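Asks: pasted the sequence and its predicted model underneath.
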Amino acid sequence: MQLFFALFVVLVFVAAGDFVSLKTRAKIPALAASIILYLVAIWLGMPTEYPADSGMAALGDIAFPIFVAGLATSVIPKQMIKEWKFIVIGCIGVTCGLVFTVLIGGFFFDPREMFAGAVTTCGAGLTGGLLVIDRLQEIGLVEMLTVPVLLAGTIDAIGQPVGSLIMRKYVRKLVQTDAYKTDAGIVAQHEAVRYNRYGAPYNSPENPSPWIPAWVPPKYETSFVAFLQLTVIAVLAQFVGEVTGLGWSFMTIVVGLVLSLFGFCRLNMLERTQSYGLIMVAVYAMVFQTVNDLTFMEIVNKIIPILMPVLLGGAGLILGGIVGAKLFGYDIWLGASATIGLFYLFPGVKNIIEEVARSLSRNEEERQYLVAKVSPPCIIAGSIGSKFCLLLATVLIPIVLR
């Protein structure tokens, strides 16, 4: 009984977040709304054991690498090469975010605390936060733990509404110009189509590889086989990440892209498992458990040091995205949408894209076009940009935090 009631409570917050997102047309994203509602509930006295008692938080620990593996299969490899400029844009955004936070914030607060906050906000939230938290505990600077802990637990809720508003500016332009009609015509007119032995086009969702047919014939790719393929990506990424020292999250993106390039995976493998909803509930529960120890007074007492990395890091990311977009001739709102995604990354980036496309599209064809148009730049800039931040942090943490 306790298990099912705990599961019921978790699902109430997940569903409530989705309702808020739909009601506000993605101005307040689902994950952000769920986190805020959950925090308010536990501050008002609700027990914090529900995510753990439901089993969903533990499942989230297992499912999160699978989710990231699924995200690694959401971009056609050829598109990654084609969108290389957004790798540069992501790195520009990270550099601006770190410099703004440490140099300007360091005038008012301890630069080490601002650096810890900057790595958290620009390094994919929880992942970047864990790096600096481990280092602060190692050297005994426990008084500085509050900022990265609070940011790691709340940056999604802070960053996603901002990201949603920025992305809506770009997506609305696409909708107003009926871009899905003209872009579709251009692609159909200029790209020569080659088919594999199963009748699926190369460089397509059914065969992302430009030259190798899909390893698994379509009739054998059941939801169980698709789940196995994602698990293979996660296992290989864990192994290679440990051997190279680059970490599992970075290597998951690399392994997913390489295996897609060589025909092992199709596009959007997570959706093919037919378990997307369950995995998202597990990820939400994992996030709920992360923020369980946050109290209202902790946030109030540290509100200014918390806001400084948010405001300065966010301004740096947005400015870097705009500068990068100008440099390469892209719409400035697309550049800003790509870099501000570093605030919330996985699963926020995908959620924001899906929700904004769903709220502004006028039909299913346009929704699919908007997702396909916005996903590669945002996922590429966010995933590679965050890893660039984490690599910088790996080098700078022993120097700055001492």
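Replies: In hand now; what should we look at? Numbering: from 1, shown residues only.

Asks: what residues does Tyr202 make contact with?
Replies: Tyr202 makes contacts with 194-196, 209-211, as judged by C-beta atoms under 8 Å, 6 or more residues apart in numbering. In this view, the C-beta of every residue, glycine as well, is placed from N, C-alpha and C.

Asks: and it, backbone torsions?
Replies: phi -70, psi 160 (degrees, to the nearest 10).

Asks: what distance do you get for it to Arg194?
Replies: 5 Å (C-beta to C-beta, to the nearest Å).

Asks: again with Val12
Replies: Distance, Val12 to Arg194, using C-beta to C-beta: 49 Å.

Asks: picking up where we left off before, and the contacts of Tyr202, which are buried?
Replies: 196, 209 (16 or more other C-beta atoms under 10 Å).

Asks: pipe the contacts of Tyr202 into a markdown table and attach secondary structure and distance to Met280 per row.
Replies: Formatted as a markdown table, the contacts of Tyr202 follow (DSSP: H, G, I helix; E, B strand; the rest coil; distance: C-beta to C-beta, whole Å):
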| residue | secondary structure | distance to Met280 |
| --- | --- | --- |
| Arg194 | coil | 35 |
| Tyr195 | strand | 34 |
| Asn196 | coil | 31 |
| Ser209 | coil | 28 |
| Pro210 | coil | 31 |
| Trp211 | coil | 34 |
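
Asks: which of the contacts of Tyr202 lies closest to Glu298?
Replies: Ser209 (49.4 Å; C-beta to C-beta).

Asks: which residue comes closest to the closest one once chain neighbours are left out?
Replies: Gly263 (4.3 Å; C-beta to C-beta, 6 or more residues apart in numbering).

Asks: how close does that neighbour sit to Pro217?
Replies: Taking C-beta to C-beta as the measure, Gly263 falls 12 Å from Pro217.

Asks: more neighbours, the two?
Replies: Neighbours of Gly263 and Pro217, each counted by other C-beta atoms under 10 Å, are more numerous for Gly263; the result is 19 against 10.

Asks: can you pull the contacts of that one?
Replies: Counting by C-beta under 8 Å, 6+ apart, Gly263 has contacts 207-209, 212-215.

Asks: my guess is it is in a helix, correct?
Replies: No - according to DSSP: H, G, I helix; E, B strand; the rest coil, Gly263 belongs to no helix; its state is coil.

Asks: so what does it have for phi and psi?
Replies: phi 90, psi 0.

Asks: CA atoms of the helix or strand encompassing Val254 as CSV?
Replies: Val254 is part of helix 248-261 when elements are defined by DSSP states H and E. This file holds the C-alpha atoms of helix 248-261, laid out as CSV (Å, rounded to 0.1, in the frame of the first residue of the first chain):
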residue,chain,number,x,y,z
TRP,A,248,30.0,8.5,-18.7
SER,A,249,27.8,11.5,-19.8
PHE,A,250,30.3,12.8,-22.3
MET,A,251,31.1,9.4,-23.7
THR,A,252,27.4,8.5,-23.9
ILE,A,253,26.9,11.3,-26.5
VAL,A,254,30.1,10.1,-28.3
VAL,A,255,29.2,6.4,-28.3
GLY,A,256,25.6,7.1,-29.3
LEU,A,257,26.7,9.1,-32.3
VAL,A,258,29.4,6.7,-33.4
LEU,A,259,27.0,3.7,-33.2
SER,A,260,24.4,5.6,-35.1
LEU,A,261,27.0,6.5,-37.7
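
Asks: who touches that helix?
Replies: With contacts defined as C-beta under 8 Å, 6+ apart, helix 248-261 is touched by 65, 68-69, 71-73, 75-77, 80, 124, 127, 208-210, 212, 232-234, 236-238, 240-242, 244, 265-267, 383-384, 387, 390.

Asks: let me see the mean pLDDT of that helix.
Replies: The average pLDDT for helix 248-261 rounds to 80.

Asks: please state the offset of it from the chain centre?
Replies: Counting by C-alpha atoms, centre = their mean, to the nearest Å, helix 248-261 is centred 15 Å from the centre of its parent chain.

Asks: my guess is Tyr38 contacts Gln289, does it?
Replies: No - look at Tyr38 against Gln289 with C-beta atoms under 8 Å: they stay out of range, at 9.9 Å.

Asks: more neighbours: which of those two?
Replies: Tyr38 (29 against 22).

Asks: give me every residue that touches that one.
Replies: 13, 288, 291.

Asks: make a markdown table out of these and add neighbour count, secondary structure and pLDDT.
Replies: Converted to a markdown table, the contacts of Tyr38 look like this (neighbours: other C-beta atoms under 10 Å; DSSP: H, G, I helix; E, B strand; the rest coil; pLDDT from 0 to 100):
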| residue | neighbour count | secondary structure | pLDDT |
| --- | --- | --- | --- |
| Phe13 | 23 | helix | 93 |
| Phe288 | 28 | helix | 85 |
| Val291 | 21 | coil | 77 |
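
Asks: I'm done for today, thanks for sticking with me.
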